[in-house]
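> have a look at this prediction, sequence included:
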Amino acid sequence: MTEKKTTSKAAATKATATKTTAAKKTTVKKTTKKATVFVDADNAGFRAGDVYNALAAAGEAQSVEELVKTTGKTETEILLGIGWLLKEGKVKGAEGKVVLA
């Protein structure tokens, strides 16, 4: 009888170990990486230059999405640059797009 109990305990230990291993395998840690945009006068000025140059090269009004594709900057950076240019009176909004003033 002692052998059966030992076998049962060994089998139970193996089953528990297998469940624990299976639980560890199914746990997936998801991480998302956010782009960090430093908001300071230098960065805003550079982004404004990027937006201004893209608009000048295009020669027509562009949406934020078009500017993101053209410049390769993030939407946040584009909006930062547009804000700078709006404050200076260099651009204006026209039908949901931005155009040089």
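Happy to help now that I have it. Residues are numbered from 1 along each chain as shown.

> where do the helices of this protein begin and end?
Secondary structure of the chain (DSSP state H): helices at 2-26, 41-58, 64-71, 75-88.

> could you tell me the least trusted of the ones you listed?
Mean pLDDT values for the helices of the chain show the minimum at helix 2-26, a mean of 59.

> what is the burial count for Ala44?
19 (other C-beta atoms under 10 Å). Where C-beta positions appear, they are placed from N, C-alpha and C, glycine not excepted.

> when you give positions from now on, start the count at 278
Taking 278 as the first residue, the last one we looked at is Ala321.

> list the contacts of it.
Residues near Ala321 by C-beta atoms under 8 Å, 6 or more residues apart in numbering: 357-358, 360-361.

> of those residues, grab the buried ones for PyMOL.
Filtering these down to the buried ones (16 or more other C-beta atoms under 10 Å) takes a single PyMOL command:
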select buried, resi 357+358+361
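
> who are the neighbours in contact with the residue nearest to Gly366 when sequence neighbours are not counted?
For Gly366, ignoring the flanking residues on the chain, the nearest one in space by C-beta to C-beta, 6 or more residues apart in numbering is Ala378 at 5.9 Å. Going by C-beta under 8 Å, 6+ apart, Ala378 touches 366-369.

> what's the burial count for the closest residue to Val376 other than its chain neighbours?
Of all residues not flanking Val376 in the chain, Ala338 sits nearest, at 3.8 Å (C-beta to C-beta, 6+ apart). When neighbours are counted by other C-beta under 10 Å, Ala338 registers 17.

> with neighbour count and distance to Ala334 as extra columns, can I get the contacts of Ala378 in JSON lines?
Formatted as JSON lines, the contacts of Ala378 follow (neighbours: other C-beta atoms under 10 Å; distance: C-beta to C-beta, whole Å):
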{"residue": "Gly366", "neighbour count": "8", "distance to Ala334": "20"}
{"residue": "Lys367", "neighbour count": "15", "distance to Ala334": "15"}
{"residue": "Val368", "neighbour count": "22", "distance to Ala334": "14"}
{"residue": "Lys369", "neighbour count": "13", "distance to Ala334": "18"}
